[in-house]
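Student: Any chance you can model this:
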Amino acid sequence: MMRFYRGLFCGILVLMLSGCETFVESTKDIVSALPDLPPSVDTTPLEPDWVQVTGYAPISLQSGLTEQHKVLMAMKASKLDAYRELTVLVHGQHLAGTSSVKDMMLQDNQFRGAVAGIVQGARVVKSYPVQTDVYATILEIDMNQVQRAWKAGS
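Tutor: Sure, this is the predicted structure:
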């Protein structure tokens, strides 16, 4: 009887070990069939991708008591206009329009544009008068920096 149990035990042990080998082999097959992992993320810094925008403002239309004050106000206005242009570039512009037709003739056609967003990292390249009555400001921003900020925020 002892021989019977010993034989039964050896048979069960052989079955169990052969099952493990099949499991290991099938796992190796599954792993080898998996696609390669994507390459690691390249952390080398990108060369700056500078984009420039220009904002304009008329000097004579500014409120101010003196010509110098009007020039200062135009400088600020041209800088804000440049930031608006930069915001459009980074975030896009929202447009809304309406048209009305009466008797198959266009009666009214209107549209409005709006922009909103935060721009960080821009710098003033140049602020200068254009001809005699306009002030201009050039801003630039590294679009790679903007893209990194968007990725970090999401």
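
Student: Ala96 and Glu85: what is the separation?
Tutor: Computed as CB to CB, to the nearest Å, the Ala96 to Glu85 distance reads 20 Å. Where C-beta positions appear, they are placed from N, C-alpha and C, glycine not excepted.

Student: Pro58 contacts Met73, doesn't it?
Tutor: No. In this structure, Pro58 is not within contact of Met73 by CB atoms under 8 Å, at 10.2 Å.

Student: Those two: who's more crowded?
Tutor: Comparing Pro58 with Met73 by neighbour count (other CB atoms under 10 Å), the higher total belongs to Met73, at 17 against 14.

Student: Give me the helices and strands touching the helix or strand containing the more buried one, please.
Tutor: For Met73, the element it lies in under DSSP states H and E is helix 67-91. Packed against helix 67-91 by the contact rule (3 or more CB pairs under 8 Å, 6 or more residues apart in numbering; DSSP states H and E) you find strand 50-58, strand 123-130, strand 134-142.

Student: any idea of the mean pLDDT for it?
Tutor: Here the mean pLDDT over helix 67-91 is 94, rounded to a whole number.

Student: got the buried residues for that helix?
Tutor: 70, 73-75, 77-79, 81-90 (16 or more other CB atoms under 10 Å).

Student: who's in contact with Leu80?
Tutor: Remark: with contacts taken as CB atoms under 8 Å, 6 or more residues apart in numbering, Leu80 is in contact with Gly55.

Student: Next one: it from Tyr128, what distance?
Tutor: Counting by CB to CB, the gap from Leu80 to Tyr128 is 16 Å.

Student: Not counting its neighbours along the chain, what's nearest Glu140?
Tutor: The shortest distance from Glu140 to any residue other than its chain neighbours is 4.5 Å, reached at Gln52 (CB to CB, 6 or more residues apart in numbering).

Student: Next, the angle from the helix holding Met73 to strand 50-58.
Tutor: 140 degrees (axes from the mean of the first three to the mean of the last three CA atoms, to 10 degrees).

Student: tally of neighbours for the nearest residue to Arg112 once chain neighbours are set aside?
Tutor: Leaving aside its chain neighbours, Arg112 sits nearest to Ala96 (5.3 Å; criterion: CB to CB, 6+ apart). The local packing count at Ala96 equals 9, with neighbours defined by other CB under 10 Å.
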